[in-house]
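Trainee: here is the input, now give the coordinates:
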Amino acid sequence: MLEDDSPTALDAQAGGQTEWSFEYGASCRLDLETGSSDPAIRVRGEVAVGLDPEGVVVDGTTNRAYVACSRSGSVAVVDLEKLERIGEIAVGQEPIDIVLDPVSRRAFTADARSNQVSVIDLDVGEVTATIPVGAYPAGLAIDVERRRLYCGDTMGSTLSIVDVDRLERLGTVEAELGAGAVDVDRARNVAYCVNFVTGSVTVADLEAMEAVDRIVVGEGPCAAVVVPDRDEVFVVNSLAGTIARIGLDDHRVREELPVPNAPVGITAAPSGDRIYVANRGDGSMSVLGCDGLEWARVAVGAAPGGVIVHPEDPRIVLVANAGTGSITVVEDDLTGPPASRVEAIEHPLVGRPLPEFALPDLHTGALRHQVEWAEKKYILNFFASW
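Mentor: Okay, the predicted model is just below:
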């Protein structure tokens with residue numbers, strides 16, 4: 001059921017710059033142009049939604065966003081007119097991705113730790129069914145016309161194929177370890193499933209339900225988007241910091257496009273001339289021409305991931321920020337590429353002293369302080385569940 005919420009705006013302004021902090025259940029509205037490299041693209045607002053939001057989708061009929069909050073085990077519901085979180089819907093454990101079927105008015109979430117897809121009735125606001133899939137499902141795509149849902153099963157190394165009307169899994173395609181995000185070339189009825197661990201993309205013939213090709217890409221591929229107007233699929237290589245342009249006809253990598261730190265999410269504008277890339281490493285979203293030229297870059301929340309274009313208003317782009325627990329709503333009025341290249345933005349922490357910290361020793365449990373290794377080289381290993 002939807003649970004009513006009363007968001008509280010938290011904002012502070014100092015030194016001509018607007019700073020925003022968020023709490024679970026709180027939201028903030030902005031009308032300021034902040035953090036953009038071009039005045040034609042601006043932040044409309046930011047809304048706190050829950051813990052570790054990843055996937056986001058928009059119901060154009062109601063102008064509501066539905067955000068899969070992985071560590072909250074729920075989907076946040078956001079009124080995009082008021083820019084307020086108006087409720088949440090409980091789903092399975094660790095929902096990572098979400099897609100929407102406008103025909104049945106259902107949403108589907110990939111509940112990674114429940115090994116299932118939850119089916120949400122949007123009009124009722126609750127889960128009405130669950131569909132077992134492979135181990136640790138993490139990515140979803142939907143073909144509304146063919147009435148099929150595709151789910152990348154990360155630990156199962158498979159691509160599950162689901163009938164969205166009968167709500168049952170029809171079969172699987174063998175992929176590789178780390179199978180996750182997926183997108184579909186609907187004209188050819190072919191799916192592209194990225195395999196994060198093996199640095200590859202599985203190409204699946206969806207009619208035959210079998211893998212027909214394997215594309216080697218950069219390190220850590222974690223998202224893909226098919227751009228039909230260009231006959232290309234763009235694949236995000238998060239660890240390599242690149243976007244691979246791949247031909248739909250020959251499955252060859254045509255170019256590696258450099259982007260800012262740790263790109264994670266990607267989507268394409270309906271116009272087919274630009275893509276939007278969420279850069280997890282520096283808290284920004286790049287507007288990238290399909291030829292690789294960066295048109296603009298806008299600051300969003302911390303650790304952005306999922307990104308989607310509003311189905312009724314293609315100027316509006318939503319970004320899910322895992323680190324901030326929020327979504328950022330961006331308005332893109334760019335008419336084309338800029339007159340000059342976008343300048344690189346250095347992360348604000350670069351060059352600053354390392355903050356003090358202490359961590360427990362794995363063997364003794366005693367706290368170890370970073371000053372013990374002053375002037376020495378050492379490695380910090382941060383594990384992220386995504």
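Trainee: residue 229 belongs to a helix?
Mentor: Yes - assigned with DSSP: H, G, I helix; E, B strand; the rest coil, residue 229 falls within a helix.
Trainee: okay, the residue nearest to it when sequence neighbours are not counted: pLDDT?
Mentor: Leaving aside its chain neighbours, residue 229 sits nearest to residue 272 (3.1 Å; criterion: C-beta to C-beta, 6 or more residues apart in numbering). C-beta coordinates here come from the backbone N, C-alpha and C atoms, glycine included. If you check residue 272, the pLDDT there is 95.
Trainee: how many residues are close by residue 272?
Mentor: 13 (other C-beta atoms under 10 Å).
Trainee: how far off centre is stretch 185-194?
Mentor: 19 Å (C-alpha atoms, centre = their mean, to the nearest Å).
Trainee: pull up the distance across it, start to finish.
Mentor: 14 Å (C-alpha to C-alpha, to the nearest Å).
Trainee: now residue 236, nearest residue through space, not along the chain?
Mentor: Residue 236's closest residue in space is residue 223 (C-beta to C-beta, 6+ apart), at 4.2 Å.
Trainee: enumerate every residue touching that neighbour.
Mentor: Residues near residue 223 by C-beta atoms under 8 Å, 6 or more residues apart in numbering: 139, 181, 194, 235, 236, 263, 264, 265, 266.
Trainee: what do you get if the cut-off is 10 Å, keeping everything else the same?
Mentor: By C-beta atoms under 10 Å, 6 or more residues apart in numbering, residue 223 lies in contact with 97, 139, 180-183, 194, 196, 234-238, 243, 263-267, 277-278, 305-307.
Trainee: of these, select the buried ones using a PyMOL command.
Mentor: Command for PyMOL that selects the buried part of the contacts of residue 223, burial taken from 16 or more other C-beta atoms under 10 Å:
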select buried, resi 97+139+180+181+182+183+194+196+234+235+236+237+238+243+263+264+265+266+267+277+278+305+306+307
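Trainee: mind checking which of the contacts of residue 223 are in helices?
Mentor: Among the contacts of residue 223, none falls in helices (DSSP state H).
Trainee: I'd guessed residue 163 sits against residue 169; true?
Mentor: Yes - if you go by C-beta atoms under 10 Å, residue 163 and residue 169 touch, sitting 8.0 Å apart.
Trainee: which of those two has more neighbours?
Mentor: residue 169 (17 against 14).
Trainee: name the residues of stretch 181-193 that are buried.
Mentor: 181, 182, 183, 184, 185, 186, 188, 190, 191, 192, 193.
Trainee: what's the most distant pair in the residues you listed?
Mentor: Largest separation among the buried residues of stretch 181-193 by C-beta to C-beta: 181 and 188, giving 18.6 Å.
Trainee: which strands border the helix or strand containing the residue nearest to residue 236, and is each parallel or antiparallel?
Mentor: For residue 223, the host element (DSSP states H and E) is strand 221-227. According to DSSP bridges, strand 221-227 forms sheet pairs with strand 232-237 (antiparallel).
Trainee: rewinding a little: list the buried ones in the strand holding residue 223?
Mentor: 221, 222, 223, 224, 225, 226, 227.
Trainee: hmm, back to that, would you check how far apart the residue nearest to residue 236 and residue 216 are?
Mentor: 17 Å (C-beta to C-beta, to the nearest Å).
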